[in-house]
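In: below is the sequence, then the predicted model.
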Amino acid sequence: MFYWFMKNLVAGPILKTVFRPWVTGLDNIPKKGGVIIASNHLSFIDSVFLPLVLDRRIFFLAKSDYFKGRGLKGWATKAFMNGTGMLPIDRSGGKASEASLNTGLKVLHDGEVLGIYPEGTRSPDGKLYRGRTGVARMILEGNVPVVPVAMIDTEKVMPIGTKIPKVQRIGIVVGEPLDFSRFAGLEGDRFILRSITDEIMYELNRLSGQEYVDIYASSVKDRLGAAAKSGAAAKTGTAAKPGAAAKR
């Protein structure tokens, strides 16, 4: 009820009026039955506009930390997550990862739409990065089709690190469904999972026009984070100076 209220009566009409999102290919999304929407991930607002333009409700898997905040900010964050169809999961690995998989599979078995970002995190620079194979395993175990969706220019509206979006038109391109039922029963084969994932990323690359980089986005973020810390340490003088060790 809260999801419908926010989408159709409160936030939805305002956002559509201000940002005027254009959409192509909506007819490619099945009218009923479990289906996975696999999207590129450029900005935080991808999870806002994608549910906004779809006729069917879409569920995303989100870190459980977002649902545990305290005070007014914690309440607001939790309300936003619930309002945009987010489901809390534990990403700590091991049994937690298996539980996350089961959460997604339940959505699919209930005949609902599950949204997944195969890159695993937002692109740090607007490029499209290597997909993680969890999406392929979900497809095979859920026995559902996957629809590739490309978000266009959302990183220009709300780049990583910003809190207030810029007013600019964005686009959403919905591709044709991909059927991987020929690989049924092979969800334990890592080569099959990689092949499926790469095919999905190829479609996202074709739909979005992004430059593709065959490494994980998280690796790039780690590298950028380490470089930023190194630079900050150098500016504050906490980094060791050349030759300092020799003087000791």
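Out: Perfect, thanks for sending it. Numbers count the residues shown, from 1 in each chain.

In: ramachandran coordinates for the residue most central in space within the chain?
Out: With distances taken as Cα atoms, centre = their mean, the residue of the chain nearest its centroid is Tyr117 (3.3 Å). Phi and psi for Tyr117, reported as degrees, to the nearest 10, are phi -100, psi 100.

In: out of everything not next to it in sequence, what's closest to Leu54?
Out: The spatially closest residue to Leu54, leaving aside those adjacent along the chain, is Ile29, at 6.7 Å (Cβ to Cβ, 6 or more residues apart in numbering). Yep, even glycine has a C-beta here, placed from its N, CA and C like the rest.

In: that neighbour touches Ile172, doesn't it?
Out: No: using Cβ atoms under 8 Å, Ile29 makes no contact with Ile172, being 11.2 Å away.

In: more neighbours: those two, which one.
Out: A direct count of neighbours by other Cβ atoms under 10 Å for Ile29 and Ile172 places Ile172 higher, at 23 against 18.

In: re the thing from before, show the contacting residues for the residue nearest to the centre of the chain.
Out: Counting by Cβ atoms under 8 Å, 6 or more residues apart in numbering, Tyr117 touches 38-41, 46.

In: if you set the cut-off to 6 Å instead, what comes out?
Out: Applying Cβ atoms under 6 Å, 6 or more residues apart in numbering to Tyr117 gives the contacts 39, 41.

In: wouldn't Val147 be in contact with Ser39 here?
Out: No: contact criterion Cβ atoms under 6 Å: Val147 and Ser39 do not qualify, at 9.2 Å.

In: what about Val23, neighbour count?
Out: Val23 is flanked by 17 other residues according to other Cβ under 10 Å.

In: how about the one 4 residues further on?
Out: Asp27 is flanked by 9 other residues according to other Cβ under 10 Å.

In: do the one 10 residues further on as well
Out: When neighbours are defined as other Cβ under 10 Å, Ile37 has 22 of them.

In: quick one: it from Arg20, how far?
Out: Using Cβ to Cβ, to the nearest Å, Ile37 is found at 22 Å from Arg20.
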